[in-house]
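**Q** fold the following.
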Amino acid sequence: MLRSGEISLLHNIEVDDSWMTVRDYFRAIGLGRAAPVSAADSSGTGSDIPPPSGSETARGEALATNNLRNAAGESLERSVREGYLWCGSTFLLPPLFALLVYAWHSISPDTPPISLFILLTFTSALGCFLPVVFVRKVGRTLDQEGLSEIRQTQTNLAILLASLGYVLWLWCFWILVHPRP
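**A** As a prediction, the model looks like this:
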């Protein structure tokens, strides 16, 4: 069912009267890849590192393992949400960067309108396409976790929204500035 795309590694399943993601279940039975260094693993305590697969664990350690699984799942969900938030910021960052251009224009009002529009063009490009870099950075983490479909979707969405946002903001700034050569 995973290969056909009917379910993903983020779906929850019930195992031993507790809920976990399919990805966490595969890791628990030893079918997962080596765990990459994440925020939960880099705390430096060393006590929350799970034992290698096949080693014996005491009954009390099962609860700690469930807590680690939940923390890893929450970290992964947070990464997915972060990627989609960066996708949405492609529409929000250009006007914020444009405020800097308008602040500079208020200091020196003798700037010709075409120069103002050129500055707004560059800041719009920066504001629209900077989130694509961050989406790709988050996508590398998702790809390591086996969620390449979500990474691909987020990357395509970010590029599409950045392109549409760039056209939209250029059109808006053209109307606001009225540049004439």
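**Q** hey, let's count contacts and neighbours off CA atoms from now on
**A** Fine.
**Q** let me see the contact set for residue 99.
**A** With contacts defined as C-alpha atoms under 8 Å, 6 or more residues apart in numbering, residue 99 has no neighbours.
**Q** and the gap between it and residue 124?
**A** Taken as C-alpha to C-alpha, to the nearest Å, the spacing of residue 99 relative to residue 124 amounts to 11 Å.
**Q** same check, this time on residue 22
**A** Separation of residue 22 from residue 124 (C-alpha to C-alpha): 41 Å.
**Q** the more surrounded of those two?
**A** Set residue 22 next to residue 124 and count neighbours by other C-alpha atoms under 10 Å: residue 124 wins out with 28 against 19.
**Q** please look at that one and residue 169 and confirm they touch.
**A** Yes: the pair residue 124 and residue 169 passes the contact test of C-alpha atoms under 8 Å, sitting 6.8 Å apart.
**Q** please enumerate the shared neighbours of these two.
**A** Residues touching both residue 124 and residue 169 by C-alpha under 8 Å, 6+ apart: 94-95.
**Q** mind telling me what element the spatially most central residue of the chain is part of?
**A** With distances taken as C-alpha atoms, centre = their mean, the chain has residue 83 as the residue nearest its mean C-alpha position (1.9 Å). Remark: residue 83 resides in helix 61-88, with elements defined by DSSP states H and E.
**Q** continuing past that helix, what's the next helix or strand?
**A** Taking DSSP H and E as the definition, the helix or strand that follows helix 61-88 towards the C-terminus is helix 93-107.
**Q** from the centre of this protein, give me the residue that's furthest out.
**A** In the chain, residue 110 marks the outermost C-alpha relative to the chain mean, sitting 41.4 Å out by C-alpha atoms, centre = their mean.
**Q** what pLDDT does that one get?
**A** Listed pLDDT for residue 110 reads 88.
**Q** ditto for residue 89
**A** According to the model's per-residue confidence, residue 89 sits at a pLDDT of 90.
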